[in-house]
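Peer 1: dropping the sequence and predicted coords here.
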Amino acid sequence: MNTNRKQSFLAAANAHIRTVQRHITKTLETVQQMYNKQRETMKHAEGTEQYIQHVLSKYNQKRLRELGELFPSPYFVRCDVKNVEVDTVETYYFGKFSFPEESIYSWVTPAARMRFESPGRVSYIRPDGSEKIGDMVRKDQYMITDGTIIFFAIEEAGGERELVYQEFFSNRKTDFTLPEIVEQMEKAQDTVIRAPHDGSLAISGPAGSGKTTLALHRIAYLLQSPETESLFPPQTILVLVQDTGTKEYFSHLLPQLGIRDVTITTFSEWAFKILHISGLRYQPRYGHNEVTRDRYEIAKLGAMRQKRRVCWKKNPFDMLKQYYAFPVSSEEGTTFSCQQNEQTIDRVDCTVLLSIFFETHGALSVEDDYFVEQRDGTLKKKRGRLALEYGLVVLDEFQNYLPEQINLIKRAMRTEHSSMMYIGDMAQQVYLGTIREWSEVREVISEDRLVRLQKVYRNTKQILMYISSLGFNLAIPEEGREGEPVEECISSSLEEQVQLIETMLRQRDTGTVGILAYDDSMLEPFLDLKNVYRDVHVMTMVEAQGVEFDAVYVVGIDEQLFSTNHLTGPYASARQEKERIYRDVLYVALTRAMNELKILGSVSLTTLMKQ
């Protein structure tokens, strides 16, 4: 395709976007006027008329949101299909939402499946529901941001795909590498997104393989597809995430896909709401050092799995004291007293308390307002406990949940049309006692509902090759990005590591940096750096799960880093599991780096991993 032809295609595409945006603007004005009029009418209407106006206003409110989000990026694919029966060409555009006035249709419609096909003979479903056979004569792919094309490629029947315009990626590569990765991922994922709604679905894969993106689109599809939207009202959807950072991430992305009113929370927040307790602090593992945390947690897990019967009491620590039954003079008894004095609840405590609550009350419920119809037909507002009934529960990083936690969550599922979605990777477990087999949570997930994503697209080839050299098994895509070699910087003390990182930070212009260590005590010398330098984050390896940085500096590598010498006597049975967790946590830390990875410590990590 010569330059003049490319310019002609680009000019036509830009003109079409401007036309569509003008039409969207006019439609927005019309819908806004209708919405305002309906809201005004509702003030004076009664009975059936008021209800009708309420329903119409809710629809127009939703349409206003969709059009507002469609305006900056109206579509991402165009398909020209020749109807072989009448010899005419129809043009379809696919975007986040539908705007049929300009032949733009939502990505969840059945017709949108054609966007994954190459030009040639295709089977497709028209907007009227009829299934047709046609010839796709042209397919365009776009990236449009704020009404501006930043990527545009055309593929015509009998020819190769050709780049028309590329702005965003031009400073990285001039070929199709990243767009092709996205396209290949979507081809594999579209079938998963549209899979039948009944039953559990698991999305597994290494860090950076696109698990979260796939899960978010699956949620959006279930809530927007005509076949399933009535089965999954947003209020019956529960998304459980690991931390507040991931909660904010999900809360930001789901509305962009048109999803609102979904409950996104952490397990601890969810448990606290059910238990109706306040004034307590939560931390995943209690203890003032790693030795105490491990031993205390092993003892708690053992006590929990004895399944003692305890009646519900007002004070949570009274229940926990009776449930664990630790001798006061024991190491665990002393630690429990400290925990009670500090009014802190950990993940095992939450699980135990929820179990006691369920056994006592027969259901998991929350306190909320509800309405009761009176004899005269009026509604009276009351407040009380309402049983939880979810249609869809999404567990992000499911591998970090205790089997007992997952089984409790499933107690709050509706029996009809209920569905669990598990997102995570068994190779990224960071806590003791978590799920190892599906049978532990009474799940039998068939192969067609167990999605395994293999390739990693977040990290450069050099980072992936370094991780692989340490003995981790992962697939390195040939089309992955090139980058700088990973460096191991040997320094005798944490203070020297601070100085090395300061030098590196002074040389950086932009990009986020994560300074990661296994234990929070190793991070204290680095805390001042986040106050001096922009976009620097200091956290433990576990806390970093689910986030990513342009550069990662792993600090505190030494001979004793992965020692399990403290697990002897009654704790020795957990030694092998702890060794595996050390490896998983390290894998989490290393895969946080997108472009640059430095390892700092008194010994080489490569040497340490070979011992």
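Peer 2: That came through fine.
Peer 1: and the top strand by length along the chain, what does it pack against?
Peer 2: Longest strand in the chain, counting residues (DSSP state E): strand 131-145. The helices and strands touching strand 131-145, judged by 3 or more CB pairs under 8 Å, 6 or more residues apart in numbering; DSSP states H and E, are helix 3-44, strand 77-83, strand 120-125, strand 148-156. All C-beta spots, glycine's among them, are computed from the backbone N, C-alpha and C.
Peer 1: at 7 Å what do you get?
Peer 2: strand 77-83, strand 120-125, strand 148-156 (3 or more CB pairs under 7 Å, 6 or more residues apart in numbering; DSSP states H and E).
Peer 1: given that strand, what are its sheet partners and their directions?
Peer 2: strand 77-83 (antiparallel), strand 120-125 (antiparallel), strand 148-156 (antiparallel) (DSSP bridges).
Peer 1: now the ones you listed as TSV including mean pLDDT, distance to Gln166 and mean neighbour count?
Peer 2: Output for those, formatted as TSV (pLDDT from 0 to 100; distance: least, CB to CB, whole Å; neighbours: other CB atoms under 10 Å):
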stretch	mean pLDDT	distance to Gln166	mean neighbour count
strand 77-83	92	16	19
strand 120-125	87	25	14
strand 148-156	89	5	18
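Peer 1: got TSV for those, with distance to Leu474 too?
Peer 2: Formatted as TSV, the strands paired with strand 131-145 follow (distance: least, CB to CB, whole Å):
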stretch	distance to Leu474
strand 77-83	31
strand 120-125	35
strand 148-156	28
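Peer 1: Glu331: neighbour count?
Peer 2: Other residues near Glu331 come to 15 when the count uses other CB atoms under 10 Å.
Peer 1: again with Ser209
Peer 2: Going by other CB under 10 Å, the residues that sit close to Ser209 add up to 23.
Peer 1: shouldn't it be in contact with Val451?
Peer 2: No: with contact defined as CB atoms under 7 Å, Ser209 does not reach Val451; the gap is 10.2 Å.
Peer 1: the spatially most central residue of the chain in helix, strand or coil?
Peer 2: Centroid-nearest residue in the chain: Thr212, 3.8 Å away (criterion: CA atoms, centre = their mean). Three-state assignment for Thr212 (DSSP: H, G, I helix; E, B strand; the rest coil): helix.
Peer 1: ok, and the closest non-adjacent residue to it?
Peer 2: Once flanking residues are discounted, Thr212 sits nearest to Ile423: 6.6 Å by CB to CB, 6 or more residues apart in numbering.
Peer 1: just how off-centre is stretch 342-351 within its chain?
Peer 2: On the basis of CA atoms, centre = their mean, to the nearest Å, stretch 342-351 is displaced by 25 Å from the centre of the chain it belongs to.
Peer 1: pairing partners for the one helix or strand Lys382 maps to, with directions?
Peer 2: Per DSSP states H and E, Lys382 falls inside strand 379-387. Sheet pairing for strand 379-387, assigned by DSSP bridges, gives strand 365-373 (antiparallel).
Peer 1: next, the buried residues of the partner strand.
Peer 2: Taking 16 or more other CB atoms under 10 Å as the neighbour-count basis, strand 365-373 is seen to contain the buried residues Ser365.
Peer 1: export it as CSV, just CAs?
Peer 2: Provided in CSV are the C-alpha atoms of strand 365-373 (Å, rounded to 0.1, in the frame of the first residue of the first chain):
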residue,chain,number,x,y,z
SER,A,365,-26.1,-12.6,56.6
VAL,A,366,-25.5,-8.8,56.9
GLU,A,367,-27.5,-6.1,58.6
ASP,A,368,-29.3,-3.9,56.2
ASP,A,369,-32.6,-2.0,55.5
TYR,A,370,-35.5,-3.8,53.9
PHE,A,371,-39.2,-3.1,53.3
VAL,A,372,-42.3,-5.0,54.6
GLU,A,373,-45.7,-4.6,52.9
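Peer 1: what's in contact with that strand?
Peer 2: For strand 365-373, the surrounding residues in contact (CB atoms under 7 Å, 6 or more residues apart in numbering) are 273-274, 276, 379-388.
Peer 1: out of those residues, which comes closest to Glu543?
Peer 2: Lys273 (23.2 Å; CB to CB).
Peer 1: quick revisit: now do the residue nearest to the centre of the chain against Leu254, distance only.
Peer 2: Going from Thr212 to Leu254 by CB to CB, to the nearest Å gives 11 Å.
Peer 1: quick one, grab the pLDDT at the residue lying closest to Arg260 once chain neighbours are set aside.
Peer 2: In space, and not counting its chain neighbours, Arg260 is closest to Pro234: 6.3 Å by CB to CB, 6+ apart. Here the pLDDT value assigned to Pro234 is 87.
Peer 1: what sits up against the longest strand of the chain?
Peer 2: 17, 72-84, 89, 114, 117, 119-126, 149-157, 168, 179.
Peer 1: flag every buried residue along it.
Peer 2: 132, 134, 136, 138-144.
Peer 1: strands of the stretch 451-600 of the chain, start to end?
Peer 2: For the stretch 451-600 of the chain, applying DSSP state E, counting those that start in this stretch gives strands covering 487-490, 513-517, 536-540, 549-557, 593-601.
Peer 1: by neighbours, which of the contacts of strand 365-373 wins?
Peer 2: Neighbour max across these (other CB under 10 Å) = Ile274, 23 neighbours.
Peer 1: picking up where we left off before, chain center to the longest strand of the chain: distance?
Peer 2: With CA atoms, centre = their mean, you get 29 Å for strand 131-145.
Peer 1: tell me which residues are up against the helix or strand where Met420 lies.
Peer 2: Secondary-structure assignment from DSSP H and E places Met420 in strand 419-424. With CB under 7 Å, 6+ apart as the test, strand 419-424 has contacts from 197-204, 211-212, 215, 218, 391-399, 410.
Peer 1: what does stretch 481-491 give?
Peer 2: With CB under 7 Å, 6+ apart as the test, stretch 481-491 has contacts from 460-463, 466, 497, 500, 595-600, 602, 604-606.
Peer 1: just the buried subset of these, please.
Peer 2: Buried by 16+ other CB under 10 Å: 460-463, 466, 497, 500, 595-600, 602, 605, out of these.
Peer 1: count the residues that sit near the residue nearest to Cys79 when sequence neighbours are not counted.
Peer 2: Spatial nearest neighbour of Cys79, chain neighbours left out: Tyr92 (4.8 Å); criterion: CB to CB, 6+ apart. Neighbourhood size, Tyr92 [other CB under 10 Å]: 22.
Peer 1: where does Val451 land on pLDDT?
Peer 2: For Val451, the model assigns a pLDDT of 84.
Peer 1: now for the residue nearest to Asp550 when sequence neighbours are not counted: which residues touch it?
Peer 2: Using CB to CB, 6+ apart and skipping the chain neighbours, the partner closest in space to Asp550 is Gly511 (3.3 Å). By CB under 7 Å, 6+ apart, Gly511 lies in contact with 535, 550-551.
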